[in-house]
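**Q** Task: produce atomic coordinates for the following.
(one chain, ligands or ions: 1)
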Amino acid sequence: MTVRIGVIGTGMIGRDHTRRIAQVLAGGTIVALSDYSPEAAEKVRDELAPDAKCYASGEELIAASDVDAVLVCSTGSTHEAYVLAAIQAGKPCFCEKPLATTAEGARGIVDAEVAHGSRLVQVGFMRRYDAGYRMLKKVVDSEIGTPLIVHAAHRNPAVPEQYVTPMAIHDTMIHEIDVLRWLLDDDYVSAQVVFPKASRHAHSKVADPQIVLLETAKGVRIDVEIFVNSRYGYDIQCQVVGEEGLANLPEPMAVTRRQNASVATPILTDWKDRFVDSYDVELQAFIEAAAEGTATGPSTWDGYVAAITSDACVTAQGADGAVVPITLPERPGLYR
Ligand code: NAP
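**A** Residues are numbered from 1 along each chain as shown. As a prediction, the model looks like this:
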């Protein structure tokens, strides 16, 4: 079966996912597009999916009888309503992060999916599909003994003026929040944020760098450095210290040059290049599950836990180094 897919939001990531489905992946076809700006949807249609119909609203797209599954790629604040509408329509839905902009909103989606009785939603936490993280997880699960400590870093070369301190959590560290939980098969119990000396390259509305300290239910201590004005590149680091050894996230493949009495390996500068393959893998998984009328991978529950954890981290940013507890409600059977 070819899954007939509608894409809501044809900005940067919506356009890119449309291209993937139209040109790279198997088993799906783009039949519908919608964007707040109709011209944006028409432009993507003309470029990538000439047979798709453009809808004036996301709700109309979700309701269309020839749309089997939905991709929600619009602005974050609009996700919640569209995902709820997709669940209401019984259609598999891939939702870019965040699932909702508040934990309460994400909880509403959990409740709606539980009431539906089976999984329909995949959240766009693509790092779980990255080959490097998958290799790391295999080693963490079987070769280095019980994990004790994780050292992680998320560095960007620079951020625009609109980037403010809480975005370091909601937009940047949200990926570590999800992937480290998955990597350790664990949940967080507390968060603390400390601020080193600020970089002179950081503008006035962002405290940069910052270090987020998380503790898990199993007692693992995690430090995540978020440094969004690092200048030198887009660099994702993750080291797990276990009882029997250490495991490091592999570096992205790059050609090493030996020249002029030095060894040089280039570092990526654009985040889009770092996880390009994992977007393909996550969406292929979505298409295959949607063909069966279900969803796989990062769940509504994972999106909800990420929202609760993000809120605790943002509270911790303003708490003068205090430890902020993270309490999760009971996990519904659908997500066990
Ligand atoms: P973007 O370029 O601004 O695209 C968002 C598009 O949605 C814009 O064309 C916007 O139109 C449109 N839109 C706004 N409200 C809408 C509505 N109610 N219905 C339909 N369309 C609407 O943003 P983006 O970078 O693609 O990001 C989109 C989402 O993907 C965000 O939630 C972001 O966090 C997420 N994302 C995830 C990753 C990842 O690594 N997983 C990477 C990038 C983005 P206007 O411009 O006219 O408002």
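
**Q** With just CA atoms, put the helix or strand hosting residue 193 into PDB.
**A** Here residue 193 sits within strand 188-194, counting by DSSP states H and E. Provided in PDB are the C-alpha atoms of strand 188-194 (Å, rounded to 0.1, in the frame of the first residue of the first chain):
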ATOM      1  CA  TYR A 188      14.900  11.900  35.100                       C
ATOM      2  CA  VAL A 189      14.200  12.800  38.700                       C
ATOM      3  CA  SER A 190      15.900  16.200  39.000                       C
ATOM      4  CA  ALA A 191      17.500  19.100  37.000                       C
ATOM      5  CA  GLN A 192      19.900  21.800  38.000                       C
ATOM      6  CA  VAL A 193      21.400  24.500  35.800                       C
ATOM      7  CA  VAL A 194      24.700  26.300  36.400                       C
END
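
**Q** and that strand, how far from the chain's centre?
**A** Taking Cα atoms, centre = their mean, to the nearest Å, one finds the center of strand 188-194 at 20 Å from the center of the full chain.

**Q** Pull up the pairing partners for the helix or strand that comes right after that strand, direction included.
**A** Counting by DSSP H and E, the next helix or strand C-terminal to strand 188-194 is strand 210-216. When pairing is defined by DSSP bridges, strand 210-216 lines up against strand 188-194 (antiparallel), strand 221-227 (antiparallel).

**Q** Can you point out the buried residues in strand 210-216?
**A** Using 16 or more other Cβ atoms under 10 Å as the test for burial, strand 210-216 gives 210, 212-216. In this view, the C-beta of every residue, glycine as well, is placed from N, C-alpha and C.

**Q** for stretch 84-97, same thing?
**A** 84-87, 91-97.

**Q** how about the CA coordinates for the lowest-mean-pLDDT helix or strand in the chain, as CSV?
**A** Counting by mean pLDDT, DSSP states H and E, the chain has its least confident helix or strand at helix 271-274, which shows a mean of 92. Extracted as CSV, the C-alpha positions of helix 271-274 are listed here (Å, rounded to 0.1, in the frame of the first residue of the first chain):
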residue,chain,number,x,y,z
TRP,A,271,23.0,21.1,12.2
LYS,A,272,21.0,20.0,9.1
ASP,A,273,24.1,18.1,7.8
ARG,A,274,24.7,16.4,11.1
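
**Q** quick revisit: let's have the buried residues of strand 210-216 in CSV, adding distance to residue 325.
**A** Output for the buried residues of strand 210-216, formatted as CSV (distance: Cβ to Cβ, whole Å):
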residue, distance to residue 325
210, 19
212, 15
213, 13
214, 12
215, 10
216, 13
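
**Q** still on that earlier bit, the ligand: which of the strands paired with strand 210-216 is closest?
**A** strand 221-227 (15.2 Å; Cβ to the nearest ligand atom).

**Q** Pull the number of nearby residues for residue 31.
**A** 21 (other Cβ atoms under 10 Å).

**Q** How about it: what's its closest non-neighbour residue?
**A** Excluding its sequence neighbours, the residue lying closest to residue 31 (Cβ to Cβ, 6 or more residues apart in numbering) is residue 4, at 4.4 Å.

**Q** C-alpha coordinates for the strand or helix carrying that neighbour, CSV please?
**A** Assessed by DSSP H and E, residue 4 sits inside strand 3-8. Coordinates of each C-alpha in strand 3-8 appear next as CSV, following Å, rounded to 0.1, in the frame of the first residue of the first chain:
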residue,chain,number,x,y,z
VAL,A,3,0.5,5.8,2.1
ARG,A,4,-1.1,9.0,1.0
ILE,A,5,0.5,11.8,3.1
GLY,A,6,-0.5,15.4,3.9
VAL,A,7,2.0,17.9,5.2
ILE,A,8,1.0,20.8,7.4
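
**Q** Just the buried residues of whichever helix or strand comes after it, please?
**A** Using DSSP H and E, the helix or strand that directly follows strand 3-8 along the chain is helix 12-19. Neighbour-count burial for helix 12-19 flags 13-19 (criterion: 16+ other Cβ under 10 Å).

**Q** can you give me the helices for this structure?
**A** In the chain, helices defined by DSSP state H lie at 12-19, 38-48, 58-63, 79-88, 103-116, 131-142, 167, 174-184, 271-274, 276-291, 300-317, listed in chain order.

**Q** Nearest to the ligand among the ones you listed would be which one?
**A** helix 12-19 (3.6 Å).

**Q** now that closest one, how far from the centre of its chain.
**A** Remark: helix 12-19 is offset 15 Å from the chain centroid, using Cα atoms, centre = their mean.
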